[in-house]
Structure formats: C-alpha cells, structure tokens
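*Asks:* What follows is a predicted protein model with its sequence.
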Amino acid sequence: LKQVFNKDKTFRPKRKFEPGTQRFELHKRAQASLNSGVDLKAAVQLPSGEDQNDWVAVHVVDFFNRINLIYGTICEFCTERTCPVMSGGPKYEYRWQDDTKYKKPTALPAPQYMNLLMDWIEVQINNEDIFPTSVGECEEE
C-alpha cells in the first residue's frame with residue numbers, strides 16, 4: 001500500500017475545492033447524492049439554479065480523482081515489461097500525440113502513456129481558462 005501513495009508514482013493527491021465556494025457546495029451535494037443510494041440519473045441532474053459549467057466541472061474533477069485513485073492501486077502490476085503497449089484489447093492500440101514532444105501518434109508502454117495522460121488531464125483541470133475556480137469568471141462567447 002505504501003507504493004500506491006509514493007509521489008514518484010502516478011498517484012496524485014486529490015484536487016480539492018475551497019470551502020465556502022460555490023463549487024465546494026456543489027461537490028458536497030454531488031457526494032451526498034452519490035452516497036445516498038439515489039437514482040444515478042437524478043444524482044447527475046443539474047440542481048435548480050446552478051450553473052451547468054460549474055456542475056460539469058465538479059464531476060470532471062471528481063471523476064479524475066477517482067480514476068487516479070484506481071490507477072494508483074494497479075500501476076505496480078502494469079510495468080513497461082508486462083504492459084508494453086497501451087491497448088483497449090487486441091483490436092485497439094492507443095498512441096500518444098501531444099504536439100510538443102510527440103508530434104506524431106507514438107506507440108508507448110501503458111505506464112508511460114498513462115503518466116502522460118494523467119499529467120495532461122491535470123494541466124487541463126488546473127487551467128483557469130478551461131476550469132475557472134471563481135464563480136462568474138467564465139466569459140460568454
């Protein structure tokens with residue numbers, strides 16, 4: 001278990017919402033509905049009077065945190081030797097392209113692909129232009 005929480009691995013601490021903010025309140029509401037045995041369709045519906053972008057952002061961050069935790073528990077079993085290809089079964093191979101280091105789709109071992117993917121997602125989530133953390137900062141287009 002100690003390896004799961006090793007900072008040199010791909011596990012990252014949860015991204016938190018600031019207490020007292022609207023997103024923190026939405027996160028609490030989402031957690032309460034998911035833990036109460038409520039119909040999932042009702043649990044993900046936009047609460048009355050709330051901003052759809054904030055509601056989606058809360059769920060995206062929560063999903064990232066959950067996937068990150070799950071991946072952290074299995075990453076020691078998927079090494080470059082045991083998982084030399086990032087695939088979705090025998091018919092699908094995922095290749096990495098980021099327009100900086102990997103300008104063309106590149107086959108990578110699964111752990112390397114996942115590290116790049118989790119880093120990329122974290123950059124997107126922390127980008128204030130995509131996920132502003134203060135209410136009312138989204139620009140209308």
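*Replies:* Here it is on my side, so go on.

*Asks:* and Tyr113, what helix or strand is that in?
*Replies:* Secondary structure from DSSP states H and E places Tyr113 in helix 110-126.

*Asks:* Buried ones in that helix, by neighbour count?
*Replies:* By 16 or more other Cβ atoms under 10 Å, the buried positions in helix 110-126 come out as Ala110, Pro111, Tyr113, Met114, Asn115, Leu116, Leu117, Met118, Ile121. All C-beta atoms are positioned from the backbone trio N, CA, C, and that covers glycine.

*Asks:* now, among those residues, which is nearest to Val56?
*Replies:* Ile121 (14.7 Å; Cβ to Cβ).

*Asks:* ok now do that closest one, which residues does it touch?
*Replies:* Phe64 (Cβ atoms under 8 Å, 6 or more residues apart in numbering).

*Asks:* Point out where the chain drops to low pLDDT.
*Replies:* Scanning the chain for pLDDT under 70 picks out the ranges 1-15, 22-23, 33-38, 40, 135-141.

*Asks:* again, only this time at 50
*Replies:* Within the chain, the stretches with pLDDT under 50 are 1-7, 137, 139-141.

*Asks:* Show the residue spans covered by the helices in it.
*Replies:* Assigned by DSSP state H, the helices in the chain fall at 22-34, 40-43, 52-74, 110-126.

*Asks:* Minimum distance to Ser134: which of those helices has it?
*Replies:* Once these are compared by Cβ to Cβ, helix 22-34 is nearest, at 9.0 Å.

*Asks:* The helix holding Tyr113 to helix 52-74, inter-axis angle?
*Replies:* Using axes from the mean of the first three to the mean of the last three Cα atoms, to 10 degrees, the interaxial angle of helix 110-126 with respect to helix 52-74 works out to 150 degrees.

*Asks:* Extract the C-alpha set from helix 110-126 and format it as PDB.
*Replies:* C-alpha atoms of helix 110-126 as PDB (Å, rounded to 0.1, in the frame of the first residue of the first chain):
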ATOM      1  CA  ALA A 110       1.000   1.500 -21.000                       C
ATOM      2  CA  PRO A 111       2.600   3.100 -17.800                       C
ATOM      3  CA  GLN A 112       4.300   5.800 -19.900                       C
ATOM      4  CA  TYR A 113       1.100   6.500 -21.800                       C
ATOM      5  CA  MET A 114      -0.900   6.700 -18.500                       C
ATOM      6  CA  ASN A 115       1.600   9.100 -16.900                       C
ATOM      7  CA  LEU A 116       1.400  11.400 -19.900                       C
ATOM      8  CA  LEU A 117      -2.400  11.200 -20.000                       C
ATOM      9  CA  MET A 118      -2.800  11.900 -16.200                       C
ATOM     10  CA  ASP A 119      -0.300  14.800 -16.500                       C
ATOM     11  CA  TRP A 120      -2.200  16.200 -19.500                       C
ATOM     12  CA  ILE A 121      -5.600  15.900 -17.700                       C
ATOM     13  CA  GLU A 122      -4.200  17.600 -14.600                       C
ATOM     14  CA  VAL A 123      -2.900  20.500 -16.700                       C
ATOM     15  CA  GLN A 124      -6.400  20.900 -18.300                       C
ATOM     16  CA  ILE A 125      -8.100  20.800 -14.900                       C
ATOM     17  CA  ASN A 126      -5.700  23.400 -13.400                       C
END
